[in-house]
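A.B. asks: Attaching a predicted model along with its sequence, questions to come.
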Amino acid sequence: SGLGTAFGALALISILATPIGSTLADSLPSTQSKKNYLVVPALLTSHLAFGTLALATGFETFMASLVCSHLMSSLAGPAVQSYTAEVTPIAVRGQAMSLARTAGGLCSVCSPIALGVWADLMSCESAIVVAAGLNTGCAIFFAVRAGQSSKPESGGDK
């Protein structure tokens, strides 16, 4: 169907954009604050683009919102993982990366269910706006907390 093809294309965009995000993350100096120059704008753009789904008036605007959201999320993802690895002491880095992946997987399972319940109780538009708002808030929280990282630039891997 057309929708299946569209979501397949979104998956392909993510597959193609993630290596670009990895290259961008690796090209930034190995300091947490420099990663924010990629992570924060990409996440904010992704979440705001997702929020515009509430305004979509047709398939074209629906897909444009999703393409932008997927593209920017795929660009930010590797930098978030890189940041996590940089601020986590070596002794617990594996656990931290596992926890981050598990949290992401849990959100992938719970979010559609929660959004569906919200949409059934309220409206689809409000569910999208609430999700976009929560995700945007998380990106802002990340930006603030990442700027306050207490891990020293060197010698913090003990």
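C.D. replies: Structure's in. What do you need?

A.B. asks: so where's this protein shaky on pLDDT?
C.D. replies: Applying pLDDT under 70 to the chain flags the ranges 1, 30-34, 147-158.

A.B. asks: repeat that for 50
C.D. replies: Scanning the chain for pLDDT under 50 picks out 150, 152-158.

A.B. asks: what are the ranges of the strands in it?
C.D. replies: Assigned by DSSP state E, the chain shows no strands.

A.B. asks: Quick check: closest non-adjacent residue to the spatially most central residue of it.
C.D. replies: Nearest to the geometric centre of the chain sits residue 73, at 4.6 Å (CA atoms, centre = their mean). Nearest residue to residue 73, sequence neighbours excluded (CB to CB, 6 or more residues apart in numbering): residue 46, at 4.3 Å. From N, CA and C alone the C-beta is placed, and that goes for glycine too.

A.B. asks: where's that neighbour relative to residue 120, distance?
C.D. replies: Distance, residue 46 to residue 120, using CB to CB, to the nearest Å: 25 Å.

A.B. asks: repeat for residue 7
C.D. replies: 22 Å.

A.B. asks: out of these two, which sits in the more crowded spot?
C.D. replies: Neighbour count, other CB atoms under 10 Å: between residue 7 and residue 120, residue 7 has more, with 14 against 10.

A.B. asks: How much space separates the more buried one from residue 37?
C.D. replies: Counting by CB to CB, the gap from residue 7 to residue 37 is 31 Å.
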